[in-house]
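*Asks:* Turn this into a structure:
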Amino acid sequence: MKILQSNWFCIVAGSLLYLGTTVMVWKTPHVERHHAEAPVADFMGSSPEASWNFHNPEVDELVADLKKQREQLNAREKQLNDLSARLELERHEITTVMESVTQAQKEFDTTVVRVGQEEATNLKKLAKIYAAMTPDGAAAILKELKDDDIVKIFAFMKEGESAPILEQLAKTSPADAARTAHISERMRVTLARGADKPKS
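*Replies:* Sure, this is the predicted structure:
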């Protein structure tokens, strides 16, 4: 009886009765499944699906636009590469042409004998002197001159005056004949500046 009347017993017994009553009357609230899954269904479609089956038209449009831009960039890159190759080919062709022109100019300069204005007066006088001489005498003197000087003098002589001298120059030896032929070829491309070649 002392135990039953003690305060500690009353506290323990009351606590046990409270816990037992609470457990007996506790009821777990029921939640409808369709309410909990509704947001997922609304977000993913009519029914919940796996994330890899997710479909969004805006994403597809963005992907298509990116593919189109990539194709345009590839096409532009190909055009630039083709243009670069064509420009390189044209540059090579221009370089080749320039080299050919330079070589032709060098050959022309070595072949053509140019008579300057300052030389014309003296050459005219020399041409008259050699034309007044006999072909043998003129050939003997001219043979000692340089080919360019001979060509310049003949440029101011009539063909009837230079022909006998050339013939005499060629008679001396085969080497002189070859030299005379070379002089004749040089006479064909002689440029006389500031003077007209006498007519025959």
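
*Asks:* Name the secondary structure element that contains A127.
*Replies:* helix 117-132 (DSSP states H and E).

*Asks:* On the C-terminal side of that helix, identify the next helix or strand.
*Replies:* Next along the chain from helix 117-132, counting by DSSP H and E, comes helix 135-142.

*Asks:* Can you list the neighbours in contact with that next one?
*Replies:* Defining contact as Cβ atoms under 8 Å, 6 or more residues apart in numbering, one finds that helix 135-142 is touched by Y130, A131, M133, I150, I153, P164, I165, E167, Q168, L169, T172. From N, CA and C alone the C-beta is placed, and that goes for glycine too.

*Asks:* Could you pull up the contacting residues of the last one?
*Replies:* T172 makes contact with A139, K143, according to Cβ under 8 Å, 6+ apart.

*Asks:* for the fourth one, same thing?
*Replies:* Residues in contact with I150 (Cβ under 8 Å, 6+ apart) are L142, I183.

*Asks:* ok, back up a step: could I get the helix holding A127 in CSV with only the CA atoms?
*Replies:* Extracted C-alpha coordinates of helix 117-132, given in CSV (Å, rounded to 0.1, in the frame of the first residue of the first chain):
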residue,chain,number,x,y,z
GLN,A,117,70.9,61.2,-127.8
GLU,A,118,74.4,62.3,-126.7
GLU,A,119,76.0,59.6,-128.9
ALA,A,120,74.0,60.2,-132.1
THR,A,121,76.0,63.2,-133.3
ASN,A,122,79.4,61.5,-133.1
LEU,A,123,78.1,58.2,-134.5
LYS,A,124,76.7,60.0,-137.5
LYS,A,125,80.1,61.5,-138.2
LEU,A,126,81.9,58.1,-137.8
ALA,A,127,79.3,56.5,-140.1
LYS,A,128,80.0,59.1,-142.9
ILE,A,129,83.8,58.6,-142.5
TYR,A,130,83.6,54.7,-142.7
ALA,A,131,81.1,55.0,-145.6
ALA,A,132,83.6,57.2,-147.5
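
*Asks:* before we move on, back to that, of the contacts of helix 135-142, just say which sits nearest to N74.
*Replies:* I150 (70.0 Å; Cβ to Cβ).

*Asks:* And the closest one, which helix or strand is it part of?
*Replies:* Residue-wise, I150 maps onto helix 147-154 under DSSP H and E.

*Asks:* Show me what counts as buried in that helix.
*Replies:* Using 16 or more other Cβ atoms under 10 Å as the test for burial, helix 147-154 gives I150, V151, K152, I153, F154.

*Asks:* now the strands: where do they sit in this protein?
*Replies:* Remark: strands assigned in the chain by DSSP state E are 114-115, 191-192.

*Asks:* which phi and psi does T134 have?
*Replies:* When read as degrees, to the nearest 10, the backbone of T134 gives phi -70, psi 150.

*Asks:* For the lengthiest helix in the chain, the averaged confidence score.
*Replies:* Secondary structure of the chain per DSSP state H: the longest helix is helix 57-111. For helix 57-111, the mean pLDDT works out to 85.

*Asks:* same question, stretch 18-33
*Replies:* 67.

*Asks:* What's the separation between the residue lying closest to S162 once chain neighbours are set aside and S173?
*Replies:* Nearest residue to S162, sequence neighbours excluded (Cβ to Cβ, 6 or more residues apart in numbering): F154, at 4.5 Å. For F154, the distance to S173 equals 20 Å [Cβ to Cβ, to the nearest Å].
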